[in-house]
Structure formats: C-alpha cells, structure tokens
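J.: Structure of the sequence below:
(one chain, ligands or ions: 2)
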Amino acid sequence: MERWQHILKKSLIKGDQVSAEFDLEQEKISKVIEEYPVRINPYFRALIREKGDPIYRQVVPDGQELLDDVGIDDPLNEEGDSPVPSVVHRYEDRALLMVTHQCPVYCRFCTRKRFVGKAPIPREVVRQGIEYIRAHQEIRDVILSGGDPLILKDRELEEILKSLRAIPHLDIIRIGTRVPGALPQRITQRLCRMLKRYHPLYININFIHPREITEEVAAACSRLADAGIPLGSQTVLLKGINDDPETIKELMQRLLAIRVKPYYLYQADLTRGTEHLRTSVECGLDIIRGLQGRISGMAIPKFVIDLPGGGGKIPLLPPDFVIGMNEREVIVKNYEDKIYRYPQPKEDRVFSGHQGG
Ligand SMILES: *Cc1c(COP(=O)(O)O)cnc(C)c1O
Ligand code: SF4
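T.: Ligands and ions are numbered 1, 2, ... in the order given. Predicted coordinates for the structure are as follows:
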C-alpha cells in the first residue's frame, strides 16, 4: 500500500468518530451521514484550527443539511443529459465521464452529494461510458469526474486514460479533482510519470480557501506542472467560508504563485443539503469588481452560474462595467470608477444605415 492510501485509511468516516473528535451530538451527526457520508482524512483534519473555521465547515457534517427545503437532488439535471449512466453529454464537443464515487474528503457543499461516498461505480459502467465516447465523433474533450478521479489507483486510472487515448477523435483529456489540495501525498512521482504519457492532459483543481495552499500542496502542484500538465482552479463561493473579497483575492494570488491558473469561480448550485452555504449573486459580482484592475489579470477567474435544470455555465460580469453601447461608441466605467468612451469603427457606422442614439 502506498503512503497516501494509509493516510486515507485513517480518515474519520463514522458518526461516533466525528462527534468525539469535534465534541458534537452523535445522534445528529449519525443522522446527517446516513444521508450524506463523511470522510475527513488526517491531512485535511490537520488544517482545521478550531470548530467552525473555514476548513471545518467544508467537511464536518452539519444538522442544517437535513433542513434544506429549497435545494434539489440533481440541481444541474445531469441525469437528464446522461445517455449512459457514467456520461453527462450536455455541450456538443465535450462530455463528463464519471469514473468513481469516492473522494479524498466529502465536501458538504458538493453538487453531487446525492451519490458521492455511496455505492461505487461498477467498472462495466465506466467501460460503457468510454464506448459511448468512442461512438460519438463530435466529442473532442473528455472531463474525468465523479467523485474524484485521482482517488483511483494508478493502474485503474491508467486503464481509463489508455482506452480514451485510443479514441482518434479525442483532442484533450481533462481531470477534475480535489486531491492535490485535499490529499497532496497522493500526487506521487509515479503518478505524474504515468499521467504525462497521456498528453494533452489538463487538470482542474478544486480549491476553496487560501489556508489550503500548504507547502505539501505547493510541492504536489509542482510535480504535476513539471509533468507538463497545465493546472487550473475551480472555486465555489460559500457563505461563511470564503465569501469575501480579501479571502478570494488571497486564494487567487496564492494559486497563481504555485502555477495554478484560476479558471472558474462558481455561484453555488441549488443542491439539496447546501442551502445554508449559498451566497447571493451580488456577493460574487462584488468580489469580481474588487479584483478587476487590482491583481494580475491572470489571477482573475471567470465568475459563472451553472444554471439550474441543465442550462449550462454562463459567465457574469458586474453590469456597471458597460454603461451604454450604440453604433457610434461604447461607454464603460473602469476599475477606478472613471468613465471612458470607446468609438466604434467608422465603417460600421456608415453601413449600419441609421444613427444610433
Ligand atoms: C462544466 C461542464 C463541462 C465543461 O465546461 P467548460 O466550460 O468547457 O469547462 C462540460 N460538461 C458539463 C456537463 C459540465 O457541467
Ligand atoms: S471532492 Fe469534489 S466530488 Fe468529491 S465531495 Fe468534494 S466537491 Fe464533491
């Protein structure tokens, strides 16, 4: 067994373990985890400094999860876009392939909390998904997802990557994972040597709070980047965890410094059991407003809502950046609240046939 597997094995996964560790009411915790499993591995446990802090809230079960009367089990209607059980094919040229239901920790805010940590995905079902992708030439980009693909053993993961690489119409393979930030020991040199045989491979990593960027995490990301894998980040805005401009700014700057390019900042999905963690959309817009022009453009993620019911991701920008637009000019407000006019090309004005107001 590898070291990371030993660490994972020592995770808190039972109601009595969690309630004893954090001095909580056992009956309540047990009720929550009957519905939504818990896993707090010892590495992530050690990041918690006190009860209720931003790391604690991400992984310690909360009675409020059972009181949500707003959320829905499958908020993005992934099942509606699922031609076979392990594939979500919503956009024409790309698809998600679910390869496991296990994760390094079980995030209380997870969009897929309806199944993570529960029944495993049979290998046959993953194979069926790969066959679907093979049969659909329009798919150029496959995103391994789950659960967390990097929780698979090297051999299991390689089998999937090898089968995918044998499909001629696939351009890129992506992996969506929380492992580099939640169990960095799993990012071994051996794993990286294996992964680099399947380029072009991209990895997008879930990070929530700047305290997750430890020396071990920086070293894990370095190993991946040194294997030539471009790294991106995905962050969900969460109430009482990271919902303020300073926290997000620090997170994005620290990510860029460890060679992870901020990709998406997500408005929380309407997932059942997560209503107590959901922020307002204005909160996200304020954060983006606060970043624009003030930190490296490379450190600014796209703020998106993944629309309920399967509408897909849509980027949002603070509406006050663009004040007006017509055939002659665009009027904008910059990051210092100064107003600028940008004239349209002259030819377009002539051919537009009328004068705009
Ligand atoms: C997020 C997502 C993707 C990937 O979207 P990108 O914007 O290309 O990163 C693909 N399929 C589904 C179903 C998704 O939810
Ligand atoms: S690691 Fe990802 S899939 Fe797993 S519980 Fe966390 S958010 Fe959900």
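J.: Quick check: which helices or strands does the helix or strand encompassing residue 289 pack against?
T.: Counting by DSSP states H and E, the secondary-structure element that holds residue 289 is helix 281-291. Applying 3 or more C-beta pairs under 8 Å, 6 or more residues apart in numbering; DSSP states H and E, we find helix 281-291 packed against helix 245-257, strand 260-266, strand 302-307. In this view, the C-beta of every residue, glycine as well, is placed from N, C-alpha and C.
J.: Please name every helix or strand in contact with the second one.
T.: The helices and strands touching strand 260-266, judged by 3+ C-beta pairs under 8 Å, 6+ apart, are strand 201-206, strand 231-236, helix 245-257, helix 281-291, strand 302-307.
J.: repeat for the last one
T.: In this structure, strand 302-307 packs against strand 260-266, helix 281-291, strand 312-315, with contacts taken as 3+ C-beta pairs under 8 Å, 6+ apart.
J.: Reformat the ones you listed as TSV; add mean pLDDT and mean neighbour count.
T.: Supplementary listing: those in TSV, determined by pLDDT from 0 to 100; neighbours: other C-beta atoms under 10 Å:
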stretch	mean pLDDT	mean neighbour count
strand 260-266	98	21
helix 281-291	97	18
strand 312-315	98	12
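J.: just so I know, which of these lies nearest residue 6?
T.: Closest of the helices and strands packed on strand 302-307 to residue 6 is strand 260-266, at 26.5 Å (criterion: C-beta to C-beta).
J.: The closest one and ligand 2 in contact?
T.: No: judged by C-beta under 6 Å from any ligand atom, strand 260-266 stays clear of ligand 2, getting no closer than 10.6 Å.
J.: Report the distance from that strand to the chain centre.
T.: If you compare the mean C-alpha spot of strand 260-266 with that of the full chain, they lie 8 Å apart, counting by C-alpha atoms, centre = their mean, to the nearest Å.
J.: likewise stretch 210-217?
T.: Averaging C-alpha positions (C-alpha atoms, centre = their mean) puts stretch 210-217 17 Å from its chain's average.
J.: Check which residues of that stretch are buried.
T.: Residues of stretch 210-217 classed as buried under the neighbour-count rule (16 or more other C-beta atoms under 10 Å) are 210-213, 217.
J.: so can I have JSON lines of those showing pLDDT?
T.: Conversion of the buried residues of stretch 210-217 to JSON lines gives the following (pLDDT from 0 to 100):
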{"residue": "210", "pLDDT": "98"}
{"residue": "211", "pLDDT": "98"}
{"residue": "212", "pLDDT": "99"}
{"residue": "213", "pLDDT": "98"}
{"residue": "217", "pLDDT": "99"}
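J.: Next step: those restricted to helices.
T.: With helices identified by DSSP state H, the entries of these that belong to them are residue 217.
J.: Give me the below-cutoff pLDDT ranges for the protein.
T.: Scanning the chain for pLDDT under 70 picks out the ranges 348-357.
J.: which ones are touching the residue of the stretch 201-350 of the chain at minimum distance from ligand 2?
T.: Among all residues of the stretch 201-350 of the chain, residue 206 sits closest to ligand 2, at 5.6 Å; criterion: C-beta to the nearest ligand atom. Contact criterion C-beta atoms under 8 Å, 6 or more residues apart in numbering gives 107, 176-178, 181-182, 233-236 as the residues in contact with residue 206.
J.: what about it, distance to residue 66?
T.: Plainly put, residue 206 is 24 Å away from residue 66 if you go by C-beta to C-beta, to the nearest Å.
J.: Which parts of the stretch 51-200 of the chain are strands?
T.: 87-88, 94-98, 141-145, 172-177 (DSSP state E, counting those that start in this stretch).
J.: Pipe these into TSV and attach mean neighbour count and distance to ligand 2 per row.
T.: Rendered in TSV, the data for the strands of the stretch 51-200 of the chain read as follows (neighbours: other C-beta atoms under 10 Å; distance: least, C-beta to the nearest ligand atom, whole Å):
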stretch	mean neighbour count	distance to ligand 2
strand 87-88	24	13
strand 94-98	22	10
strand 141-145	21	8
strand 172-177	22	7
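J.: Distance to ligand 1 for the ones you listed - can I get that in JSON lines?
T.: As requested, the strands of the stretch 51-200 of the chain are exported to JSON lines (distance: least, C-beta to the nearest ligand atom, whole Å):
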{"stretch": "strand 87-88", "distance to ligand 1": "4"}
{"stretch": "strand 94-98", "distance to ligand 1": "5"}
{"stretch": "strand 141-145", "distance to ligand 1": "6"}
{"stretch": "strand 172-177", "distance to ligand 1": "8"}
